[in-house]
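Visitor: A structural model of the following input is requested.
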Amino acid sequence: MPLSARNQLPGRVAEVHLGEVMAHVTVRVGKNLVESVITRRSAEELGLKKGDAVTVVIKSTEVMLQKD
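Guide: Numbering: from 1, shown residues only. The predicted model follows:
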C-alpha cells in the first residue's frame, strides 16, 4: 500500500501487550526500540506477534533532532 509518509522504518515486533481497549507494541529498529499504542482491534486484525516484520510509519508535524 503506497503511503505519503516519508519516515518509514523497517523493524521487528519485540513485544505486544494487549489491554482491554489498547495494545502497546514495541518494535526493534536496528539497535533502537520504537513504541506505539494502537487499538487492540487493530493489533488483532494485523495479527501482530513477537518476531513479525513490520514497518514503523511516522507521520508528524514535528520531528526533533538532537546532535550527539
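Visitor: so what's Leu9 up against?
Guide: 29, 34, 55-56, 58 (CB atoms under 8 Å, 6 or more residues apart in numbering). For every residue, glycine as well, the C-beta is placed using N, CA and C.
Visitor: okay, those residues in TSV with neighbour count, pLDDT and secondary structure next?
Guide: Below are the contacts of Leu9 laid out as TSV (neighbours: other CB atoms under 10 Å; pLDDT from 0 to 100; DSSP: H, G, I helix; E, B strand; the rest coil):
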residue	neighbour count	pLDDT	secondary structure
Val29	15	97	strand
Val34	15	95	strand
Thr55	12	96	strand
Val56	15	96	strand
Ile58	12	91	strand
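Visitor: direction included, what does the longest strand belonging to the chain pair up with?
Guide: In the chain, assigned by DSSP state E, the strand with the most residues is strand 7-18. According to DSSP bridges, strand 7-18 forms sheet pairs with strand 22-29 (antiparallel), strand 53-58 (antiparallel).
Visitor: residues in contact with Val34?
Guide: Applying CB under 8 Å, 6+ apart, we find Val34 in contact with 9, 11, 26-27, 56.
Visitor: and which of those is nearest to Leu48?
Guide: Using CB to CB, Val27 comes nearest to Leu48 of the contacts of Val34, at 9.6 Å.
Visitor: if I look at the closest residue to the closest one other than its chain neighbours, how far off is Leu18?
Guide: Spatial nearest neighbour of Val27, chain neighbours left out: Gly11 (4.2 Å); criterion: CB to CB, 6 or more residues apart in numbering. Here Gly11 is placed at a distance of 19 Å from Leu18 (CB to CB, to the nearest Å).
Visitor: lovely, talk soon.
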